[in-house]
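[1] next input, structure requested:
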Amino acid sequence: MNDFIDIEQHIAKAEESRRLNQSTPVPRPHRDPDFEFRCWQSRKFDNKAMAFRTTILSSDSYSSKTSMDELKPIKLCNMKVPMVHKGRYLICQAIGKPSIVVGAEILVKDLNGDVEIIAMYNFYYNSSELDWLNPGTILIIKEPWLRYGSNNKIPTMRIDSPSDVIVVDCNDSKLLQKADAMQWFKPLSKDSEIWRQKANDCFKKEKYKDALMLYDRAIRCNPELPVLYLNKSLTYLRTGAFYMAYESARLALEKGGDREKALFRMGQAAYGMREWQKAANHFVEVMKEFPMNKLASEQFKHATVRLSEQRNGKFDFKSMLLESKKEKAAIDVSDYTGPIKIANIPGKGRGIIATEDIKEGTLLAVSKAFASGYSQDFPPILFAIDLIRKEGGNAAQMLQIVRVMQNLQNNPQRAAEVYDLYAGDMKQDEEIPFGIIDAARIQKISSYNRFSSKEWDAEKLELPNEDSHLFILPSYFNHSCLANANRTFYGDVMVIHATMDIKKGDEICLSYKSPMLNFTVRKEKFEKSWKFKCECQLCKIDAKDKNCSKRNQMVDEFEAYVKSTTDSVQVKIAKGETLLKKIRGTYVNRSEFKLKLIDVLGILSDMTYDNGNWIKTLECLEEIVTLLDNPLKYSCGIARRYVNIAHCYISLQNFSKAKEMIQKAMKFDFCVDIDHFKMLHPNIAQYLPFLSF
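    Numbers count the residues shown, from 1 in each chain. Got it, this is the predicted structure:
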């Protein structure tokens, strides 16, 4: 998609909008309520009608960190634009049906009847998630931010942080009275059982937000009824709000509720919070007191497996691989930290070092993504402008940011580990109140620390990033093109192994980008996206190599020719061999890291194999393997090269050599056994019986 989008033009427009919203504030222009309401009613809310959408990812966001008790009310007529109205809150009521563009938009009125459009970003991106935001819904906006739109000077109230919005029950007289908004109060039944039943009906229909509001209404009627807290806990479990699920179940237990249900739900919530020992302890309590509870026994087994993974680093990688083949796989595993720790690295900030001598192939870490985004979850075509990294983005990256905020809202106890990640030039040790979603910080953290499982293939450059993940521990690994560790993805789980022997105290690095990228491209990406200059040996050699640009151009032109030409394979091979001689000539004064030679040999190996010249294919592949006898071997797909060599030997009926190559490939793929290898390389699996496997 970036091929037909002028990224620089979009970035320039976004920067212009930013400057406009830093101008001197002026009184907010009045909107005619009747006219605005008629315009809103006439809007089309067909999300499919707008197939192409754009959004801006930046740190130009505001999140209120002030408690409600310290805020004073403000009305629309007293607001200015552009301005964050610090120390204030706006209470308003939805008067129109919400719509989704990229964020959710809603027309609201304040206590005076004045109207404004609110744009809520980082909340929801499907209209099905807006059932609770109907006309009549009462909202409190903390420290409202009135700003100009990105394409015009029409003011809109923008909200980037989910913690800046409080949904108010129309029956909550205490809160409405405090906000001087009793005109919106609706006197309703004070019978908690009525509201419990209505909440249960919503729960059955999977309208969990409505159910939670009604359970809270029932609790205001009868705060000592434990079943309400049990029901609330179950609802939170369904929404992934494990912290609140645990607290609700704990309150139910304290108020004398059903012990079996309360303890079991506390165990489920602790499991969801990834607190395996706490979860196991609660399930043991259930098993002791209620031995007929089979579910507790099953959940206890799951918790003990997670504990074993966390403590011993023993994982079922074959099951993980099978699960990862599913669309948007979410794998249930623990995190594991091997013989490594986070430390301050001179000149780099924080990084990862070895806590003991480490052998090649050692498992260093297993990390479950804190949040993930997938492009297919956002039906329209979306182009994101990343002002933080000054580049184009996609729906997966935007949705990952949304997921981070949702997960933090659901599980605020994990905020510290997220907020402690690198956030560019933002103050590192800022104290953020519990439960506050700092949108600007999260957008920077997500931009600088995101990973994609499809960043590059083993041989060539970059692939479309249709998924985006935020990991905690892996985010602390610094970059080196000549990395001494390699990452493997199993869905939303990253597995990291040592790719060479590492001494105690040495830094351990990953490659952020494929070292097969042209040097100028690598250099630009590091400086533009992460604001650093790579000082690895490969980059130093490339920087001094006067033939780099010439060599890159020749290979790029040949690759384009191979893809587009209708020439016969024999003609292409002949031209490839001619190019190979020229590329060798450019490396006369260079003895290592001959990556463009690997590129051409790789192309030739594919063409000669397809042409049935397996001897020539072997020559190309064996030279590639020799050229990769250095730290580049893992990131340049050494295992797959050995598999290809094995294919050649099988074609030549040399099964003993083929078996030898398979064994080498298994080592470099970190396979636990031959079945694991078969799952990774199904195309060669049918031949393995001939190799005595």
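
[2] below-threshold pLDDT in the stretch 51-200 of the chain: ranges please.
    51-53, 59, 124-129, 151 (pLDDT under 70).

[3] in it, which spans are helices?
    Applying DSSP state H, counting those that start in this stretch to the stretch 51-200 of the chain gives helices spanning 173-178, 192-204.

[4] contacts for the longest one?
    Taking C-beta atoms under 8 Å, 6 or more residues apart in numbering as the criterion, the residues outside helix 192-204 that touch it are 189, 208, 210-212, 214-215, 217-219, 221-222, 225, 227-228, 231, 234-235, 238. Where C-beta positions appear, they are placed from N, C-alpha and C, glycine not excepted.

[5] can you give me the buried ones in that helix?
    Buried residues in helix 192-204, counted by 16 or more other C-beta atoms under 10 Å: Ser192, Trp195, Arg196, Lys198, Ala199, Cys202, Phe203.

[6] what residues go with each domain of the protein?
    For the chain, the structural domains run 2-184, 192-312, 543-691, going by automatic domain parsing.

[7] quick one, what contacts Asp629?
    By C-beta under 8 Å, 6+ apart, the contact set of Asp629 is empty.

[8] what pLDDT is listed against it?
    On the pLDDT scale, Asp629 is placed at 93.

[9] again, but for Gly347
    88.

[10] what sits against the residue nearest to Glu143 when sequence neighbours are not counted?
    Distance criterion C-beta to C-beta, 6 or more residues apart in numbering; nearest residue to Glu143, sequence neighbours excluded, is Ser64 at 4.0 Å. Residues near Ser64 by C-beta under 8 Å, 6+ apart: Lys142, Glu143, Ser161, Ser163, Asp164, Ile436.

[11] where does pLDDT dip in the stretch 451-600 of the chain?
    455-465.

[12] all strands of it, in order?
    Using DSSP state E, counting those that start in this stretch, the strands of the stretch 451-600 of the chain run over 467-470, 478-479, 485-490, 493-498, 507-510.

[13] which of those sits most buried?
    Each of the strands of the stretch 451-600 of the chain was scored by mean neighbour count; the highest is strand 467-470, a mean of 26, by mean count of other C-beta atoms under 10 Å.

[14] give me the contacts around that one.
    328, 369-375, 394, 396-397, 399-400, 404, 418, 445-446, 449-454, 492, 494.

[15] quick check: pLDDT value at Asp6.
    pLDDT at Asp6 comes out at 68.

[16] please apply the same query to Leu387.
    pLDDT, read off for Leu387, is 74.

[17] can you offset everything so residue one is 46?
    Shifting the count to begin at 46 puts that one at Leu432.

[18] residues touching it, list them.
    Contacts of Leu432 by C-beta under 8 Å, 6+ apart are Ile56, Ala59, Glu60, Arg63, Ile101, Leu102, Ser103, Ser104, Asp105.

[19] out of those residues, which end up buried?
    Ile56, Ala59, Glu60, Ile101, Leu102, Ser103, Ser104, Asp105.

[20] show me where the stretch 346-495 of the chain has strands.
    Using DSSP E, counting those that start in this stretch, strands in the stretch 346-495 of the chain cover 381-382, 385-390, 394-399, 408-413, 416-419, 426-431, 436-438, 495-496.

[21] ignoring the adjacent residues along the chain, who's closest to Ala703?
    Tyr694 (3.8 Å).

[22] and the one you found, helix, strand or coil?
    Under the three-state scheme (DSSP: H, G, I helix; E, B strand; the rest coil), Tyr694 adopts helix.

[23] surely it touches Phe700?
    Yes - the criterion here is C-beta atoms under 8 Å, and Tyr694 meets it with Phe700 at 7.2 Å.

[24] show me where the stretch 146-295 of the chain has strands.
    With DSSP E, counting those that start in this stretch as the criterion, the stretch 146-295 of the chain has strands spanning 149-154, 160-165, 183-187, 190-193, 200-204, 210-213.

[25] let's have those strands in JSON lines, adding mean neighbour count.
    Shown next, in JSON lines, are the strands of the stretch 146-295 of the chain (neighbours: other C-beta atoms under 10 Å):
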{"stretch": "strand 149-154", "mean neighbour count": "22"}
{"stretch": "strand 160-165", "mean neighbour count": "22"}
{"stretch": "strand 183-187", "mean neighbour count": "22"}
{"stretch": "strand 190-193", "mean neighbour count": "21"}
{"stretch": "strand 200-204", "mean neighbour count": "22"}
{"stretch": "strand 210-213", "mean neighbour count": "16"}
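
[26] out of the ones you listed, which comes closest to Asp720?
    strand 149-154 (47.5 Å; C-beta to C-beta).

[27] what helices or strands is that closest one leaning on?
    Applying 3 or more C-beta pairs under 8 Å, 6 or more residues apart in numbering; DSSP states H and E, one finds that strand 149-154 contacts helix 78-87, strand 133-139, strand 160-165.

[28] can these go into JSON lines with extra columns for distance to Asp114?
    Converted to JSON lines, the helices and strands packed on strand 149-154 look like this (distance: least, C-beta to C-beta, whole Å):
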{"stretch": "helix 78-87", "distance to Asp114": "31"}
{"stretch": "strand 133-139", "distance to Asp114": "11"}
{"stretch": "strand 160-165", "distance to Asp114": "23"}
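
[29] between those, which gets nearest to Gly301?
    strand 133-139 (36.7 Å).

[30] pull up the pairing partners for that closest one, direction included.
    strand 117-118 (parallel), strand 149-154 (antiparallel), strand 183-187 (antiparallel) (DSSP bridges).

[31] what does that strand contact?
    With C-beta under 8 Å, 6+ apart as the criterion, strand 133-139 contacts 113, 116-121, 151-156, 161, 163, 178-189, 202, 213, 224, 226, 229.

[32] check stretch 461-472 too.
    104, 394-395, 415, 433, 449, 453, 473, 475, 477, 483, 485-487, 489-490, 493-494, 515, 517, 520-521, 576.

[33] from these, list just the buried residues.
    By 16+ other C-beta under 10 Å, the contacts of stretch 461-472 give 104, 395, 415, 433, 449, 453, 483, 485-487, 489-490, 493-494, 515, 517, 520-521 as buried.

[34] dump the strands of the stretch 496-645 of the chain to TSV, plus distance to Met365.
    Formatted as TSV, these follow (distance: least, C-beta to C-beta, whole Å):
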stretch	distance to Met365
strand 512-515	15
strand 523-524	26
strand 530-535	4
strand 538-543	7
strand 552-555	20
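
[35] among the ones you listed, which comes closest to Asp217?
    Here strand 512-515 is closest among those (C-beta to C-beta), at 35.1 Å.

[36] going by mean pLDDT, which of the strands of the stretch 346-495 of the chain comes out lowest?
    When the strands of the stretch 346-495 of the chain are compared by mean pLDDT, strand 426-431 comes last with a mean of 71.

[37] verify the stated contact: Phe577 with Phe571.
    Yes - the criterion here is C-beta under 8 Å, and Phe577 meets it with Phe571 at 5.7 Å.

[38] between the two, which one's more packed in?
    More neighbours surround Phe571 than the other of Phe577 and Phe571, with 18 against 14 (other C-beta atoms under 10 Å).

[39] was I right to think that one contacts His524?
    Yes - counting by C-beta under 8 Å, Phe571 does reach His524; the two are 7.2 Å apart.

[40] how about the most centrally placed residue in the chain: what's its closest non-neighbour residue?
    Geometric centre of the chain, nearest residue: His514, 2.5 Å, by C-alpha atoms, centre = their mean. Once flanking residues are discounted, His514 sits nearest to Ala414: 4.0 Å by C-beta to C-beta, 6+ apart.

[41] so what's the one you found up against?
    Contacts for Ala414 (C-beta under 8 Å, 6+ apart) come out as His514, Leu515, Phe516, Asp537, Val538, Met539.

[42] what do you get if the cut-off is 7 Å, keeping everything else the same?
    Shown in contact with Ala414 (C-beta atoms under 7 Å, 6 or more residues apart in numbering): His514, Leu515, Phe516, Asp537.

[43] and if you look at Glu405?
    Applying C-beta under 7 Å, 6+ apart, the residues near Glu405 are Ala543, Thr544, Met545, Asp546.
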